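Trainee: How does the following fold in three dimensions:
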Amino acid sequence: MQTMLDIIGRRWAGAVLLASTRGARRFGEYRRLVVGISDRLLSQRLKQLESLELIEREVIPTTPVQIVYRPTLGGEELIAALQPLLRWGTRHLSQDA
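Mentor: Next up, the predicted model:
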């Protein structure tokens with residue numbers, strides 16, 4: 001439990017993973033869905049989530065090269081497991097918190 005909370009509790013990690021399950025595929029799409037994250041931190045979180053096998057990265061050899069990210073099965077399962085917690089937060093935590 002603590003390991004999972006440490007992973008998802010890293011600053012912006014949960015938001016980046018959630019964005020991956022809500023249709024973000026390219027870096028700019030993540031930037032639009034994860035409001036307030038810097039490019040540097042977004043890049044860092046994507047690399048970390050990839051190293052944890054929660055997101056996979058595909059390089060498409062075009063000009064210019066395209067990088068596409070998508071959640072792995074493990075990433076999708078983690079977000080599905082966190083859905084009750086997200087719903088609880090929506091119901092019980094104010095938007096100002």
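Trainee: Quick one: residues in contact with the helix or strand of the chain with the lowest mean pLDDT.
Mentor: Sorting the helices and strands of the chain by mean pLDDT, DSSP states H and E puts helix 2-8 at the bottom, at a mean of 82. Contact with helix 2-8 is made by 13-14, 17, 52, 54, 78, 82, as judged by Cβ atoms under 8 Å, 6 or more residues apart in numbering. For every residue, glycine as well, the C-beta is placed using N, CA and C.
Trainee: Out of these, which two sit at the greatest distance?
Mentor: 52 and 82 (14.6 Å; Cβ to Cβ).
Trainee: Of the contacts of helix 2-8, which is the nearest to residue 32?
Mentor: Nearest member of these to residue 32, counting by Cβ to Cβ, is residue 17, at 15.8 Å.
Trainee: ok, now which ones touch the closest one?
Mentor: So residue 17 contacts 8, 49, 54-55, 71, 75, 78-79 (Cβ under 8 Å, 6+ apart).
Trainee: try it again with 7 Å
Mentor: 49, 54, 75, 78-79 (Cβ atoms under 7 Å, 6 or more residues apart in numbering).
Trainee: how about it, secondary structure?
Mentor: Using DSSP: H, G, I helix; E, B strand; the rest coil, the structure places residue 17 in helix.
Trainee: Return the distance of it relative to residue 53.
Mentor: Computed as Cβ to Cβ, to the nearest Å, the residue 17 to residue 53 distance reads 12 Å.
Trainee: picking up where we left off before, show me the contacts of helix 2-8 that map onto helices.
Mentor: Among the contacts of helix 2-8, DSSP state H puts 13-14, 17, 78, 82 in helices.
Trainee: Sketch out the strands for this protein, chain order is fine.
Mentor: Assigned by DSSP state E, the chain shows strands spanning 55-60, 66-71.
Trainee: Could I get the CA-only coordinates of the last one as PDB?
Mentor: Which is strand 66-71. The C-alpha trace of strand 66-71 is given here as PDB (Å, rounded to 0.1, in the frame of the first residue of the first chain):
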ATOM      1  CA  GLN A  66       6.600  11.900 -33.000                       C
ATOM      2  CA  ILE A  67       6.400  10.600 -29.400                       C
ATOM      3  CA  VAL A  68       3.200   9.000 -28.300                       C
ATOM      4  CA  TYR A  69       2.400   7.900 -24.700                       C
ATOM      5  CA  ARG A  70      -0.400   5.600 -23.600                       C
ATOM      6  CA  PRO A  71      -1.300   3.900 -20.400                       C
END
